[in-house]
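>>> I would like to see how this sequence folds:
(2 chains)
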Protein chains: 2
Amino acid sequence: MANESKNIHLNNIVKKLEENNYDGMLLADFNNIRYISGYLPQSFAFAILKENPIIYVAEMDMEIANKTSSIEIQQFTSYEELKRILKKENLTNLAIENNLTVDSFTKLNNDLKLNIEPFMAEERMIKSSEEIKKIDTAMNIAHKSLLELNPRSLIEEGISEWETAYKLGYLMRKNGAEVESFDTIVASGANSSLPHAVVSPKPLDSHILIDYGCKYQGYCSDTTRTYPSTEKQEEIFDIVLEAHDKAIKAIKPGIDGSKIDAIARDIITDYGYGDKFIHTTGHSLGLDIHEAPTLSTRGHTILENNMIVTVEPGIYLEGNFGVRIEDTILIDNKGKIIGNLPQRL
Amino acid sequence: MANESKNIHLNNIVKKLEENNYDGMLLADFNNIRYISGYLPQSFAFAILKENPIIYVAEMDMEIANKTSSIEIQQFTSYEELKRILKKENLTNLAIENNLTVDSFTKLNNDLKLNIEPFMAEERMIKSSEEIKKIDTAMNIAHKSLLELNPRSLIEEGISEWETAYKLGYLMRKNGAEVESFDTIVASGANSSLPHAVVSPKPLDSHILIDYGCKYQGYCSDTTRTYPSTEKQEEIFDIVLEAHDKAIKAIKPGIDGSKIDAIARDIITDYGYGDKFIHTTGHSLGLDIHEAPTLSTRGHTILENNMIVTVEPGIYLEGNFGVRIEDTILIDNKGKIIGNLPQRL
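All right, here's what the predicted structure looks like:
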């Protein structure tokens, strides 16, 4: 059952809190709350992590919270009431997440001692076998769906970029996904030179970049494929693929994440496109599509067994076209790409 | 052009900042940045609102930011660099949004004086004629699409809740929407007793609740329709409809928002279902699906011309079924529902 590994996570964090002399940890991030309880808040919730954790939710969410949470649910009434409860239970020295809003922070901070701590992000970096299985399933659904979509075949049909994205979303759901893990990027022709292109109503052009993913039991997949058309596009594709392959080959437990970024970046720089690789090489994922660690110039996390990272080098020729190739890697002694979708499609 | 009314908003806020002796306002909220510039950040951005505002964005977003922003774009390099710039320009006393993260807050707060101010939310409450037109278009696209979907006809086909939601999304895009304004809720049978039900793979049952919307040029629509089936469901439907109609009839400039909530709540309470109406009566919308003001017991905003609010009373019989009817109202002397989708479908 899902609760087993959730209890391991919870125990690890409670242990960390004790070691650092905290009375508990206040959570407001929806996916952090889901991570420790199974309940995904929809509107608003606070969790207090401690030996016997509690989640406070709005009245309207009580039914679904009670149905899905493995830990105790109480009704949130007001900040004043929450502070009263915390003080009564001597929970005054609390760790908080870095994305708590300054509004909640200032409403609670005058009576409590709150400190930002990375405990949740750190715990979430190392995936359990159950989490790995869910990510693997999400990746396989996504890959199967892209093959079924066969984007090159759609160019002649004259369908739009958004309809292409929409068809892919349909296939992922049909194949068992819950939802996209982020808004699908289908960028064709010159649109592909924008790393965060928004899908447009224009007809699908030759040279297509698709960055997409789905969720399975809350866990994300993330993949990018580029379908080059001209000789120049093929040439850039080969450079990006070389950076992608060599970076992935170097991934192993014990290596500094920034070294993987440097490998991809150096190859692209050697070919003269260093200033066209305008983003980081990769990131982790899980319940969120972007999690720690990142593979970037400044990201000095030492990679460990059972971390998961994307590797997604790209070259963007402004106003002309862009190429990005992205796979997701499970870090173990094999350093294996999850799934088996060819890079050249 | 879109920039005209954006400049009015910007001028209003700059005036408010001056009146309150601020050097400027720091924005990080994506839709606040879009609101004043036209540029919607995808990953990360800070805007400094002042006479000559500037938006700082990540390198990878420079191209799209320069293409879509009506105000100056600079590259964000680090918090240290941002603080240096702000100090050099004597911008040290800054208003901030209430949803700034405590991480950004603590990184900036030691060198700057930061105070939470509601200036952006207040400015966004009063919609310009251009914003009203966009919301009106979004509502009409959504309504047309629901009529085309004809959910009752899908029960016999045996299609799933998610596929129903997906079909509706397709129709909204085909009819000119960009995207859903939030994950469509299609909850049938007992699922409908959860106000925030998640769409499921189970076949569409009789008694359907659909809460959905779309975006047009960034602006949201929001509508709920319930399709009752049994006599009991019809009876509850009639009560909710009475609460809906009478609350809407009472909406006019000058009235306290909590009075509208009370009208709907009192009717439902009189019929004996007060404890089954477990959420607030309404909220505003715009670039975000939930904006100020709210129509709730505690929401004492005085309604003004050109505000927009939803009215969405509901009754939820746990484990059995729920009914919610939601329309969106433009506040003027007519107090008119936007669009003309019948409540009984």
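
>>> how about residue A:74: which residues does it bridge to?
Taking DSSP bridges, one finds residue A:56 as the beta-bridge partners of residue A:74.

>>> test my guess that it contacts residue A:59.
No. Here residue A:74 does not reach residue A:59: they are 11.0 Å apart, not a contact under CB atoms under 8 Å. Backbone N, C-alpha and C define where each C-beta goes, glycine included.

>>> more neighbours: which of these two?
Neighbours per residue (other CB atoms under 10 Å in any protein chain shown) separate residue A:74 from residue A:59, with residue A:74 holding more: 16 against 13.

>>> how much space separates that one from residue A:114?
Distance of residue A:74 to residue A:114, given as CB to CB, to the nearest Å: 20 Å.

>>> wait, what's in contact with the nearest residue to residue A:271 once chain neighbours are set aside?
Of all residues not flanking residue A:271 in the chain, residue A:239 sits nearest, at 4.8 Å (CB to CB, 6 or more residues apart in numbering or on different chains). By CB atoms under 8 Å, 6 or more residues apart in numbering or on different chains, the residues touching residue A:239 are A:267, A:268, A:271, A:273, A:315.

>>> got the domain boundaries for chain A?
A:2-123, A:129-337 (automatic domain parsing).

>>> would you tell me which one of those is buried the most?
domain A:129-337 (a mean of 20; mean count of other CB atoms under 10 Å in any protein chain shown).

>>> show me how far it is from its chain's centre.
Taking CA atoms, centre = their mean, to the nearest Å, one finds the center of domain A:129-337 at 12 Å from the center of the full chain.

>>> again, but for stretch A:87-103
25 Å.

>>> pLDDT averaged over that stretch - what is it?
The average of the pLDDT scores along stretch A:87-103 is 95.

>>> endpoints of that stretch, how far apart?
Stretch A:87-103 has its terminal residues 20 Å apart, counting by CA to CA, to the nearest Å.

>>> can it be said to contact chain B?
Yes. In terms of CB under 8 Å from any CB of the partner chain, part of stretch A:87-103 sits within range of chain B, namely A:96, A:98, A:99, A:100, A:101, A:102, A:103.

>>> contacts only, for the last one.
So that's residue A:103. By CB under 8 Å, 6+ apart, the neighbours of residue A:103 are B:98, B:99, B:116.

>>> in what helix or strand does it lie?
Remark: residue A:103 resides in helix A:102-109, with elements defined by DSSP states H and E.

>>> the next helix or strand after that helix packs against which elements?
Downstream of helix A:102-109, the first helix or strand assigned by DSSP H and E is strand A:113-116. For strand A:113-116, the elements it packs on are strand A:93-96, helix B:102-109, judged by 3 or more CB pairs under 8 Å, 6 or more residues apart in numbering or on different chains; DSSP states H and E.

>>> helices or strands up against the first one?
With contacts defined as 3+ CB pairs under 8 Å, 6+ apart, the packing partners of strand A:93-96 are strand A:24-27, strand A:113-116.

>>> which outside residues touch it?
A:17, A:20-26, A:48, A:86, A:105, A:112-117, A:119, B:102.

>>> strands of the stretch 201-345 of chain A, residue ranges please.
A:208-212, A:214-216, A:219-220, A:223-227, A:282-284, A:291-295, A:308-311, A:314-317, A:321-324, A:327-330, A:336-337 (DSSP state E, counting those that start in this stretch).

>>> follow-up on the earlier one: and the contacts of residue A:239 as CSV, adding distance to residue A:150?
What follows is the contacts of residue A:239, written out as CSV (distance: CB to CB, whole Å):
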residue, distance to residue A:150
A:267, 30
A:268, 29
A:271, 30
A:273, 29
A:315, 25
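
>>> nearest to chain B among the residues you listed?
The nearest member of those to chain B, counting by CB to the nearest CB, is residue A:315 at 12.3 Å.

>>> what pairs with the closest one across the strands?
residue A:323.

>>> before we move on, back to that, relative to residue A:96, how far out is the residue nearest to residue A:271?
From residue A:239 to residue A:96 the distance is 44 Å (CB to CB).

>>> same list, the helices and strands packed on strand A:93-96, but as a markdown table with mean pLDDT please.
Shown next, in a markdown table, are those (pLDDT from 0 to 100):
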| stretch | mean pLDDT |
| --- | --- |
| strand A:24-27 | 97 |
| strand A:113-116 | 95 |
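
>>> can you lay out the ones you listed as TSV showing distance to residue B:299?
Putting these into TSV (distance: least, CB to CB, whole Å) gives the following:
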stretch	distance to residue B:299
strand A:24-27	26
strand A:113-116	28
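
>>> closest to residue A:186 out of the ones you listed?
Among these, strand A:24-27 comes nearest to residue A:186, with 35.2 Å by CB to CB.

>>> so who does residue A:189 touch?
Residue A:189 touches A:205, A:206, A:207, A:321, counting by CB under 8 Å, 6+ apart.

>>> residue A:139 now?
Contacts of residue A:139 (CB under 8 Å, 6+ apart): A:221, A:223, A:328, A:338, A:339.

>>> go ahead and confirm residue A:118 touches residue A:98.
Yes. Residue A:118 is within contact range of residue A:98, at 7.3 Å (criterion: CB under 8 Å).

>>> how about the residues of chain A near chain B?
Residues of chain A lying near chain B (CB under 8 Å from any CB): A:42-43, A:58-64, A:96, A:98-103, A:105-106, A:114, A:116, A:162-163, A:166, A:169-170, A:173, A:179, A:183, A:193-197, A:278-279, A:316, A:318.

>>> hang on, the earlier thing: what angle do the helix holding residue A:103 and helix B:102-109 make?
80 degrees (axes from the mean of the first three to the mean of the last three CA atoms, to 10 degrees).

>>> what's stretch A:104-113 in contact with?
Contacts of stretch A:104-113 (CB under 8 Å, 6+ apart): A:26, A:28, A:79, A:82-83, A:86-87, A:92-94, A:96, A:114, B:102, B:105, B:116.

>>> try 7 Å
A:28, A:79, A:83, A:86, A:87, A:92, A:93, A:94, A:114, B:102, B:116 (CB atoms under 7 Å, 6 or more residues apart in numbering or on different chains).

>>> can you put those residues in a markdown table and add distance to residue A:142?
Below are the contacts of stretch A:104-113 laid out as a markdown table (distance: CB to CB, whole Å):
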| residue | distance to residue A:142 |
| --- | --- |
| A:28 | 30 |
| A:79 | 41 |
| A:83 | 44 |
| A:86 | 42 |
| A:87 | 47 |
| A:92 | 45 |
| A:93 | 43 |
| A:94 | 38 |
| A:114 | 39 |
| B:102 | 34 |
| B:116 | 41 |
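
>>> and of those residues, the nearest to residue B:12?
Of those, the one sitting nearest to residue B:12 (CB to CB) turns out to be residue B:116, at 18.6 Å.

>>> wait, the closest one touches residue B:98, no?
Yes. Between residue B:116 and residue B:98 there is a contact under CB atoms under 7 Å: 4.9 Å.

>>> quick one: end-to-end distance for stretch A:51-59.
Termini of stretch A:51-59 sit 25 Å apart (CA to CA).

>>> my bad, should have said stretch A:179-186
First residue to last in stretch A:179-186 (CA to CA) measures 17 Å.

>>> likewise stretch A:71-91?
Start-to-end, stretch A:71-91 (CA to CA) is 18 Å.

>>> which residues does that stretch contact?
A:23-24, A:36-37, A:46, A:48, A:50, A:53-59, A:62, A:65-66, A:92, A:107-108, A:111-112.
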